[in-house]
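**Student:** based on what follows, work out the 3D shape:
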Amino acid sequence: MKRLGLVAGGILVGMFVVGVFFSHKGGSQLGLKNVIGLETQAQSAHAAKEDDHGHDHSSAHEHGGEPVGGPENDHGSGHESGHEKGSEKLAIAAEQIAQSKISVQPAESGVLRARLRVPGTIIPDRNRVGRVPSKVVGTVAELRKGLGDFVQAGEVIAILDSREVADAKSEYIAAIVNFRLQETLYQREKTLWEKQVSSEQRVLRADATFRETQVRRDVAKQKLSALGVGDESIAKLADAGQETAGLERYEIKAPISGRIVEQLVDIGTPMGAEGQAHELYALADLSKVWVELTVSPQDLPSIREGQQLAIEGTGKSDGTIVFTSPVLNQDTRSARVIASVDNRDGAWRPGSFVTADIAVSETKAELVIPKAALQTIEGRTRVFVRTPEGFEAREITIGDDDGKAVEVLSGLKAGELIAVANTFLLKAELGKSEAAHDH
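**Tutor:** Here you go, the predicted structure:
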């Protein structure tokens, strides 16, 4: 009945419009047809609106009051094609992982170390510093090494001309010659006495003389050794057929292996006498250096010899504390602490200022991973867990950290492989993948 009423109303409206139209246009048949067409369109539009309203109502009733295809339904459809909350997959080939130098390691139990940061200065290792002295009075004849050169222990690095050395060598040669002569005379007298040709007194006198020359020979040899003449040079002097030219030449050898860091003389420099130079070179082996640390008295109880530390400056290196002073500096009221650091690459130069990070205590944790493995994605802390297809960016909960390692409270299991180097590349790749997915 409602529909019939609406239709009748529509007809009356149409007739009124027709009347107006005829009064204005003089009853044109074309205008009548247009009005009838408008009325028909109005009825059709009204009927379609009612049909849609009925359909919406039934659909809403059927789906619990929410229209089909509404916002929640659209969201649900998108969620099904998205990633699981807190975890996102990243497909990446093993070859690409190797090329990107993305290393992995298993998550496992470990320790967290409380650390103390103190300033320090690089100094040479005093056990690896050598001075090259002149033990004799002489003049520099040759300098075979110069400033900055590397030398080996025992290598001849300079030559002096020394009258003192020449006299000592001559004395040794004379002692050798006399010793051999007296040895021959003694053996002859001994043979004659055994044949009862010579008296026992002559044998005893020859024996005493022989022993005296032996002592003189040994004293002359020791004198050469004290002057720094090597055993090889002394052995050559002992050869009776060795030419005695060049006895004044005195070889100076490097006491340690290292690099020449100071050259203190020139060719022709007089050496050894009062008021003259006494050292030719200073050598230093910088393959290991010391770090001199300044530790306050309140921190000193947590420092002990053998502790590991890391130093930072122009680079980073690990070291070990080798000495803690039992005496405080009267001026600074601080303790002197020495650590030894490897320096085979020559990165640490004596005089450089550094900061030392000392592990002073340890706390065990069930699950510890390197801090470098962490990445922040959408405000959440995640790690990249290795999967057969690539990696999974998984959200984790972290606890304490010591600056290098961090404790994992949840989100990761012991033994799972995680990326620990170049993880920023995985983060960037994940961002590209998500951007492509959104489009």
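
**Student:** so where's the stretch 1-150 of the chain shaky on pLDDT?
**Tutor:** Along the stretch 1-150 of the chain, segments meeting pLDDT under 70 span 1-86.

**Student:** before we move on, what about the stretch 151-300 of the chain?
**Tutor:** If you take pLDDT under 70 as the line, the stretch 151-300 of the chain has these spans: 240-244.

**Student:** before we move on, what about the stretch 301-439 of the chain?
**Tutor:** Low-confidence segments of the stretch 301-439 of the chain (pLDDT under 70): 434-439.

**Student:** quick one: the helices in it, in order.
**Tutor:** Here the stretch 301-439 of the chain has its helices, by DSSP state H, counting those that start in this stretch, at 423-438.

**Student:** can you list the residue ranges for strands in it?
**Tutor:** Counting by DSSP state E, counting those that start in this stretch, the stretch 301-439 of the chain has strands at residues 308-312, 316-328, 335-342, 353-370, 375-377, 380-386, 390-395, 397-401, 405-410, 417-419.

**Student:** to residue 255, which of the ones you listed lies closest?
**Tutor:** Nearest of the strands of the stretch 301-439 of the chain to residue 255, taken as CB to CB: strand 335-342 at 20.8 Å. In this view, the C-beta of every residue, glycine as well, is placed from N, C-alpha and C.

**Student:** the closest one versus strand 308-312: what angle between them?
**Tutor:** 80 degrees (axes from the mean of the first three to the mean of the last three CA atoms, to 10 degrees).

**Student:** and the angle from strand 335-342 to strand 316-328?
**Tutor:** When the same axes, to 10 degrees is applied, the directions of strand 335-342 and strand 316-328 differ by 150 degrees.

**Student:** just checking: what are the partner strands of strand 335-342?
**Tutor:** According to DSSP bridges, strand 335-342 forms sheet pairs with strand 288-295 (antiparallel), strand 316-328 (antiparallel).

**Student:** ok, residues contacting it?
**Tutor:** 118, 120, 122, 125, 287-297, 300, 303, 309, 311, 317-325, 327-329, 348, 356 (CB atoms under 8 Å, 6 or more residues apart in numbering).

**Student:** so how do I select the buried members of those residues in PyMOL?
**Tutor:** To isolate the buried members of these in PyMOL, using 16 or more other CB atoms under 10 Å:
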select buried, resi 118+120+122+125+288+289+290+291+292+293+295+300+303+309+311+317+319+321+322+324+348+356
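
**Student:** before we move on, back to that, dump the strands paired with strand 335-342 to CSV, plus distance to residue 129.
**Tutor:** As requested, those are exported to CSV (distance: least, CB to CB, whole Å):
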stretch, distance to residue 129
strand 288-295, 10
strand 316-328, 16
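
**Student:** between the ones you listed, which gets nearest to residue 96?
**Tutor:** Comparison of the strands paired with strand 335-342 against residue 96 by CB to CB identifies strand 316-328 as nearest, at 28.6 Å.

**Student:** residue contacts, the residue lying closest to residue 294 once chain neighbours are set aside?
**Tutor:** Among residues not flanking residue 294 along the chain, residue 334 sits closest, at 4.8 Å (CB to CB, 6 or more residues apart in numbering). The contact partners of residue 334, by CB under 8 Å, 6+ apart, come to 294, 295, 296, 297, 328.

**Student:** what is the last one paired to in the beta sheet?
**Tutor:** Under the criterion DSSP bridges, residue 328 forms beta bridges with residue 335.

**Student:** returning to that earlier point: including distance to residue 271, could the strands of the stretch 301-439 of the chain go into TSV?
**Tutor:** Putting those into TSV (distance: least, CB to CB, whole Å) gives the following:
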stretch	distance to residue 271
strand 308-312	40
strand 316-328	35
strand 335-342	34
strand 353-370	38
strand 375-377	65
strand 380-386	67
strand 390-395	69
strand 397-401	60
strand 405-410	57
strand 417-419	63
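
**Student:** out of those strands, which gets nearest to residue 109?
**Tutor:** With CB to CB as the criterion, residue 109 lies closest to strand 353-370 of the strands of the stretch 301-439 of the chain, at 5.4 Å.

**Student:** list the buried residues in that closest one.
**Tutor:** Of all the residues in strand 353-370, those buried under the rule 16+ other CB under 10 Å are 354, 356, 357, 358, 359, 365, 367, 368, 369, 370.

**Student:** circling back to that earlier point, give me the phi and psi for the residue nearest to residue 294.
**Tutor:** Main-chain dihedrals, residue 334, degrees, to the nearest 10: phi -120, psi 160.

**Student:** distance of it from residue 310?
**Tutor:** Distance from residue 334 to residue 310, counting by CB to CB, to the nearest Å: 21 Å.

**Student:** cool, residue 196 as well?
**Tutor:** Plainly put, residue 196 is 86 Å away from residue 310 if you go by CB to CB.

**Student:** and what of residue 197?
**Tutor:** Using CB to CB, one obtains 86 Å as the distance from residue 197 to residue 310.

**Student:** between those two, point out the one with more neighbours.
**Tutor:** Neighbour tally, residue 197 and residue 310, criterion other CB atoms under 10 Å: the higher count belongs to residue 310, 19 against 10.

**Student:** show me what the more buried one is bridged to.
**Tutor:** Note on residue 310: beta-bridge partners residue 318, residue 357, judged by DSSP bridges.

**Student:** same question for residue 110.
**Tutor:** Beta-bridge partners for residue 110, by DSSP bridges, are residue 365.

**Student:** give the contact list for it.
**Tutor:** Contacts for residue 110 (CB under 8 Å, 6+ apart) come out as 364, 365, 367, 368, 405.

**Student:** out of the residues you listed, which comes closest to residue 180?
**Tutor:** Looking across the contacts of residue 110 and measuring by CB to CB, the closest to residue 180 is residue 405, at 74.4 Å.

**Student:** mind checking how far the closest residue to the closest one other than its chain neighbours is from residue 256?
**Tutor:** Excluding the flanking residues, the one nearest residue 405 by CB to CB, 6+ apart is residue 368, at 5.0 Å. Taking CB to CB as the measure, residue 368 falls 42 Å from residue 256.
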